[in-house]
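> fold the following.
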Amino acid sequence: MRILKKLILGCVIFLLLFGCFSLAVSASRENKKEELYRQVELFSHTLAVIQEDYVDETKPKGLIYGALKGMLSSLDEHSQFLDPDTYNELKIDTEGKFGGLGIEIAIKDGMLTIITPIEDTPAWRAGIKAGDGIVKINDELTREMSLTDAVKKMRGKPGDMIKLSVLRQGDKKLLEFSIKREMIKIKDVKYAQILEGGIGYIRLTEFRENTSQQLNAAISSLSKQKMNALILDLRNNPGGLLEEAARITGKFIPQGKLIVYTKSRKSSEDVRFTAQVKNPILNLPLVILINEGSASGSEVVAACLQDYKRAMVIGTKSFGKGSVQAIIPLGDGSALKLTTSKYFTPSGKVIHGKGVIPDVIVEADKPSADKNDVLRPSDPVCPDERGGSVVKQKYPSPEVFDFKSDKQVLSAISALKTMIFYKSSAKSQ
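Numbering: from 1, shown residues only. Here you go, the predicted model:
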């Protein structure tokens, strides 16, 4: 009888606690709703006051659009409100052709920042570098400029000149660049070749549709040339399609292994990417090269292969762009570009804001400058701080890859030679 009374009393206490908890949750929700209504009322009142008392007549649509832009920009550096014109600009064909300078940009620490200049484009040839902060575009300050507005200002008719005022880390003065727009045609796979000792080298400039197929063809070609190790160069690779980055990663790890996963506020929207390649390459010694211009998808590849110790990562810390933006169309032709989740590596590391730390840190050589060089009109130039004179900056030709002058590539070759040696020693035992 006592046991029954205790059970009944326990049930009553549980129901009371559950009821109190439910009431507390319900009250919390009501408080949130009331707070939202109060803020919406404040917004409506402000809108009405502006329309009634502002010195010039205003249009409601312009005010609402301005408020939405401010609302989205207050969330993070990647969320944006896209008006119809801007949204249409975003939907420019994805074939990789457009009139522009050839740079990938983001907002970092409040400044419009170059993730990377795309190789063999006007910006790259002019000497623009990853990490450069764009202070002005055609003498217009970028401090309050959105990413999309900046892109619109830099894209346009091929042949027109664009002036960029750039702040470079370590420089006290702004660097001025006058760059001519060109039709930009991005080539995803570049420099697929054997360097020395059977070590293959492939540079991936971006992840777009069919990049994984292009990589497969490059690997097949190098395999026929007796490749026994591979350098996958992701330096200055700004990312692109996450699905393609996952396909490429899956080529080097066992089928079914986790590549990357995303976390959002709604668990139903979380996504996991796993390796799908049936016959992956598991025994080929592999080095990944990254730098501060490696972002998003290239960070996913490097971080995953590093987590599984499938590849050695060499270079400098990557950019740290590991969030997912969803495009949500609105009824009037505008849209929201909203950060909805973040990437996590198989071991649970956060990429966003952290970047990928290489296993071996190797700084890149600075471009050389020789005052005795003869300048031609097409040479990229920049001011010499010591004397104010102009010096020539040397950059590799798009057709020739001089790997022997690339300190990071040489470090990768050295690491792979060691891997090959130990691999052959293990086989002989």
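
> check which residues of stretch 42-51 are buried.
By neighbour count on 16 or more other Cβ atoms under 10 Å, the buried set for stretch 42-51 is empty. Placement of C-beta: from N, CA and C, glycine included.

> for the record, mean pLDDT for that stretch?
Across stretch 42-51, the average pLDDT comes to 85.

> CA atoms only: put that stretch into CSV for me.
Extracted as CSV, the C-alpha positions of stretch 42-51 are listed here (Å, rounded to 0.1, in the frame of the first residue of the first chain):
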residue,chain,number,x,y,z
LEU,A,42,8.7,50.4,-33.4
PHE,A,43,9.7,49.8,-37.0
SER,A,44,6.3,50.8,-38.3
HIS,A,45,6.3,53.9,-36.2
THR,A,46,9.7,54.9,-37.5
LEU,A,47,8.7,54.3,-41.1
ALA,A,48,5.6,56.5,-40.6
VAL,A,49,7.6,59.3,-39.0
ILE,A,50,10.2,59.3,-41.8
GLN,A,51,7.5,59.4,-44.5
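
> oh, and call the first residue 467 from now on, that's how I've got it
That works, and once the first residue is 467, the last one we named lands at stretch 508-517.

> just for this protein, where's the confidence low?
Along the chain, the parts satisfying pLDDT under 70 run over 467-496, 555-564, 832-867, 892-895.

> chain center to the longest strand along it: distance?
For the chain, the longest strand by residue count, based on DSSP state E, is strand 801-810. Distance of strand 801-810 from the chain centroid (Cα atoms, centre = their mean, to the nearest Å) equals 13 Å.

> which other helices and strands contact it?
helix 526-539, strand 546-548, helix 550-556, strand 724-729, strand 789-795 (3 or more Cβ pairs under 8 Å, 6 or more residues apart in numbering; DSSP states H and E).

> pop the domain breakdown of this protein in here.
Domain segmentation of the chain under automatic domain parsing yields 553-651, 655-831+872-894.

> just name the most buried of these.
domain 655-831+872-894 (a mean of 19; mean count of other Cβ atoms under 10 Å).

> picking up where we left off before, reformat the domains of the chain as CSV; add distance to His511.
Formatted as CSV, the domains of the chain follow (distance: least, Cβ to Cβ, whole Å):
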stretch, distance to His511
domain 553-651, 25
domain 655-831+872-894, 24
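
> Val515: which of those is closest?
Minimum separation from Val515 across the domains of the chain (Cβ to Cβ) falls at domain 553-651, 23.2 Å.

> surely Ile725 is in contact with Cys770?
Yes: contact criterion Cβ atoms under 8 Å: Ile725 and Cys770 qualify, at 5.0 Å.

> coming back round to it: list of residues touching the longest strand of the chain?
With contact meaning Cβ atoms under 8 Å, 6 or more residues apart in numbering, strand 801-810 is reached by 538, 541-542, 544-548, 553, 556, 726-730, 735-737, 765-766, 788-796, 816-818.

> what of stretch 520-531?
By Cβ under 8 Å, 6+ apart, stretch 520-531 touches Leu513, Ile516, Gln517, Phe547, Asp549, Ser800.

> and stretch 721-736, by the same measure?
By Cβ under 8 Å, 6+ apart, the list of residues contacting stretch 721-736 reads 708, 712, 715-716, 719, 737-744, 746, 766, 769-770, 774, 790, 806-812.

> out of these, which are inside helices?
Leu708, Ala712, Thr715, Gly716, Val766, Ala769, Cys770 (DSSP state H).

> widest-spaced pair of those residues?
Largest pairwise distance in those, by Cβ to Cβ, is 14.1 Å, between Gly716 and Ala769.

> next, the angle from the longest strand of the chain to strand 724-729.
Counting by axes from the mean of the first three to the mean of the last three Cα atoms, to 10 degrees, strand 801-810 lies at 130 degrees to strand 724-729.

> pull the residues that contact the next helix or strand after strand 801-810.
Moving toward the C-terminus from strand 801-810, the first helix or strand encountered (DSSP states H and E) is strand 826-827. For strand 826-827, contacts defined as Cβ under 8 Å, 6+ apart pick out Met778, Val779, Ile780, Gly781, Thr782, Lys783, Ser877, Ala881.

> is it true that the second one touches Pro824?
Yes: Val779 is in contact with Pro824 according to Cβ under 8 Å; the separation is 4.5 Å.

> find residues that contact each of the two.
What both Val779 and Pro824 touch, as defined by Cβ under 8 Å, 6+ apart, is the set Ile756.

> could I get the contacting residues of Gly788?
Ser762, Glu765, Val766, Lys808, Tyr809, Val816, Ile817, His818, Gly819, Lys820.

> how close does the fifth one sit to Asp736?
What it means is Tyr809. Counting by Cβ to Cβ, to the nearest Å, the gap from Tyr809 to Asp736 is 11 Å.

> if we can go back for a sec, how about the helices and strands packed on strand 801-810 in JSON lines, adding distance to Gly576?
Listed next are the helices and strands packed on strand 801-810 as JSON lines, based on distance: least, Cβ to Cβ, whole Å:
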{"stretch": "helix 526-539", "distance to Gly576": "11"}
{"stretch": "strand 546-548", "distance to Gly576": "15"}
{"stretch": "helix 550-556", "distance to Gly576": "21"}
{"stretch": "strand 724-729", "distance to Gly576": "25"}
{"stretch": "strand 789-795", "distance to Gly576": "17"}
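
> now Ile747. Nearest residue, chain neighbours left out?
Take Ile747 and drop its neighbours on the chain: the residue closest to it by Cβ to Cβ, 6 or more residues apart in numbering is Phe718, 5.6 Å away.

> pretty sure Asp654 contacts Gln679?
No: the criterion here is Cβ under 8 Å, and Asp654 misses it with Gln679 at 9.6 Å.

> now, which of the ones in helices among the contacts of stretch 721-736 sits nearest Gly565?
Leu708 (26.8 Å).

> so that closest one is in contact with Gly763, correct?
Yes: if you go by Cβ under 8 Å, Leu708 and Gly763 touch, sitting 5.7 Å apart.

> next, show the common contact partners of the two.
By Cβ under 8 Å, 6+ apart, the residues touching both Leu708 and Gly763 are Phe673.

> ok, now how distant is Tyr809 from Val816?
8 Å.
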